[in-house]
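>>> Predicted structure and sequence below. I'll ask about it afterward.
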Amino acid sequence: EQGIRHHILDMSLLGQITENALTSDLEIEQKEGEVPNTFVDGRNHLFLSFAAVLAKQRGIKDIVTGVCETDFSGYPDCRDVFVKSLNVTLNLAMDYDFVIQTPLMWLDKAETWELADQLGAFDYVREKTLTCYNGIIGTGCGDCPACHLRQHGLDVYLSQKGEA
């Protein structure tokens, strides 16, 4: 859609080796002091590793991911230290000079909406991107924690902009 070929890989295999609210039919919950049960162990590691394989095949050095440590919901694979570590690991494992870009790493959701607006991509991000744990593109289901976080960020941004 943006002049970039889209690749969709079947990652359902994760449900064969881990049980959580995203790969199994479980209620979303977070217990005090624990990672939410929406966390899928190794998911971002796998996503970025598969992206690296594809990138190398196409001669691409830059891999861009939307992970964010500022409001990372307790997910260890959204931390800057993880991404930097994986970047080194992929470079060594594949003998290739990747650069994993994390433009949202230090932005909260309101700042992410502001950036999208500044880049002229506000409507695209609002209508065509996926945050929802239930896989609903755009505004999402409105019930899951990811949708609440996204909507709160949008509300804060629109309020700051004077459009709320």
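Everything's here; your move. Numbers count the residues shown, from 1 in each chain.

>>> wait, what's in contact with Thr129?
Thr129 makes contact with 137-138, according to C-beta atoms under 8 Å, 6 or more residues apart in numbering. Heads up, the C-betas are built off the backbone N, CA and C, glycines and all.

>>> How much space separates it from Arg150?
Applying C-beta to C-beta, to the nearest Å, the value for Thr129 to Arg150 is 9 Å.

>>> May I ask you to confirm that Cys132 is in contact with Pro145?
No - judged on C-beta atoms under 8 Å, Cys132 makes no contact with Pro145 at a distance of 10.0 Å.

>>> of those two, who's got more company?
Cys132 (18 against 15; other C-beta atoms under 10 Å).

>>> Now Asp108: closest residue in space, sequence neighbours ignored.
Thr70 (4.8 Å; C-beta to C-beta, 6 or more residues apart in numbering).

>>> In three-state terms, label that neighbour for me.
Three-state assignment for Thr70 (DSSP: H, G, I helix; E, B strand; the rest coil): coil.

>>> Now the phi/psi pair for Ile100, please.
phi -90, psi 120 (degrees, to the nearest 10).

>>> Then Tyr133?
The phi/psi pair for Tyr133 (degrees, to the nearest 10) reads phi -70, psi -20.

>>> tally of neighbours for the residue lying closest to it once chain neighbours are set aside?
Excluding the flanking residues, the one nearest Tyr133 by C-beta to C-beta, 6+ apart is Cys144, at 4.1 Å. Neighbourhood size, Cys144 [other C-beta under 10 Å]: 19.

>>> Could you do Asn91 as well?
By other C-beta under 10 Å, the residues close to Asn91 number 15.

>>> does it belong to a helix or a strand, and which?
Asn91 belongs to helix 80-94 when assigned by DSSP states H and E.

>>> can you pull the buried residues of that helix?
Neighbour-count burial for helix 80-94 flags 82-83, 86-87, 90 (criterion: 16 or more other C-beta atoms under 10 Å).
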